[in-house]
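Enquirer: A structural model of the following input is requested.
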Amino acid sequence: MKAIILKDFGTVDNLQPADIPLPIIKDEDVLIQVKAFSINPIDVKTRAGKGVAVRLKEFSPMILGWDIAGVITATGKSVTNFKQGDAVFGMINFPGIASAYSEYVSAPATHIAIKPKNISFEEAAASTLAALTAWEAVVDVLKIQKGDRLLVHAAAGGVGHFAVQIAKYFGAYVIGTTSATNKTFVLGIGADEHIDYHTQPLDKATGNIDKVLDTIGGNNIDQSLKVMRKGGIIVSIPSGRNEEVAAKAEAAGMFGYRMLVQSSGENQQQIAKLIETGFIKPHISKIYSFDQIQEAHLQIESGRTVGKIVVQV
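Expert: The predicted model follows:
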């Protein structure tokens, strides 16, 4: 089968096509013929030797990627809830090795869900790591409730655009930050207010925020705390730029948490339900071919991707 091998941590030139054997599945796994996979900032960071690279260095050279959508071609002996021919999607083995940049992957049955019929394989692949991160942050950590004032940073990004929609489903009042270019997009997916981070100082543009989803880290944490009410909650996602979020929040009379998403078929099923009922919709800004993997990485690396990008297999 064809796959994209990362020969060593570094530039996109280290991503090279290869022909490798089909993966062998365990009793609890399924074999999936991948129709599409998506790329996230964590893929790019890990390729460069950051992100979760330290966890995976023993696998070098490796196959990157965690987000897949495809069709089950075989099931392990212990798998009873999926069958051959099922269309499925999920984030596999994160933050371990998953080898999603391949024609076929072996996946734990507990990490996937049935693909909603009302979306394509490309849209399904886009609704995995980013959607799960948004779900865990908004629902499990922030425990969003009706009427909460939620501030979502980088609201047009992969995680951000899902977070806006999930929070609106639960009845929150959502304020999203982006550049002016993405104002219409963010308001169009349900945000109640938009803040242009280039021209509007945060402490002048909003206040009395109950909860914050920070997808940027660093000084963004400090700026967010200035507009939060006492007792508010901030969850920060970017590893390496959020080590002090708990201490900073506590000093300001608030609560701060770091978060690293985990693979969860159960949460993936929750995402599937919201997609099926039309409450959330993934946005794909561009679809790449398998041999354009380097271009896809460079696009994510630009930090200017609206929604998600996807690779067809």
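Enquirer: how about the strands of the stretch 151-300 of the chain, start to end?
Expert: For the stretch 151-300 of the chain, applying DSSP state E, counting those that start in this stretch gives strands covering 173-178, 193-196, 209-214, 228-236, 255-258, 284-288.
Enquirer: Select, out of these, the one closest to residue 13.
Expert: Proximity to residue 13 (CB to CB) singles out strand 284-288 among these, at 16.7 Å. For every residue, glycine as well, the C-beta is placed using N, CA and C.
Enquirer: could you say what helices and strands the closest one packs with?
Expert: Counting contacts by 3 or more CB pairs under 8 Å, 6 or more residues apart in numbering; DSSP states H and E, strand 284-288 packs against helix 121-126, helix 293-301, strand 308-312.
Enquirer: Can you say which of those is packed in most?
Expert: The highest mean neighbour count among the helices and strands packed on strand 284-288, using mean count of other CB atoms under 10 Å, belongs to helix 121-126: a mean of 27.
Enquirer: Need the mean per-residue confidence for the helix or strand just after that helix.
Expert: Using DSSP states H and E, the next helix or strand after helix 121-126 towards the C-terminus is helix 129-135. Helix 129-135 comes out with an average pLDDT of 98.
Enquirer: Then stretch 285-298?
Expert: Confidence for stretch 285-298, expressed as mean pLDDT, is 97.
Enquirer: mind exporting it as PDB, just the C-alpha atoms?
Expert: Output of stretch 285-298 as PDB, limited to C-alpha atoms (Å, rounded to 0.1, in the frame of the first residue of the first chain):
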ATOM      1  CA  SER A 285     -10.900  25.400   3.000                       C
ATOM      2  CA  LYS A 286      -9.000  23.100   0.600                       C
ATOM      3  CA  ILE A 287      -8.700  19.500  -0.400                       C
ATOM      4  CA  TYR A 288      -5.200  18.200  -1.400                       C
ATOM      5  CA  SER A 289      -4.200  15.100  -3.200                       C
ATOM      6  CA  PHE A 290      -2.000  12.400  -1.700                       C
ATOM      7  CA  ASP A 291       1.100  13.600  -3.600                       C
ATOM      8  CA  GLN A 292       0.500  17.200  -2.300                       C
ATOM      9  CA  ILE A 293       1.300  16.300   1.300                       C
ATOM     10  CA  GLN A 294       4.200  18.800   1.500                       C
ATOM     11  CA  GLU A 295       2.000  21.600   0.200                       C
ATOM     12  CA  ALA A 296      -0.700  20.700   2.800                       C
ATOM     13  CA  HIS A 297       1.800  20.900   5.600                       C
ATOM     14  CA  LEU A 298       3.000  24.300   4.400                       C
END
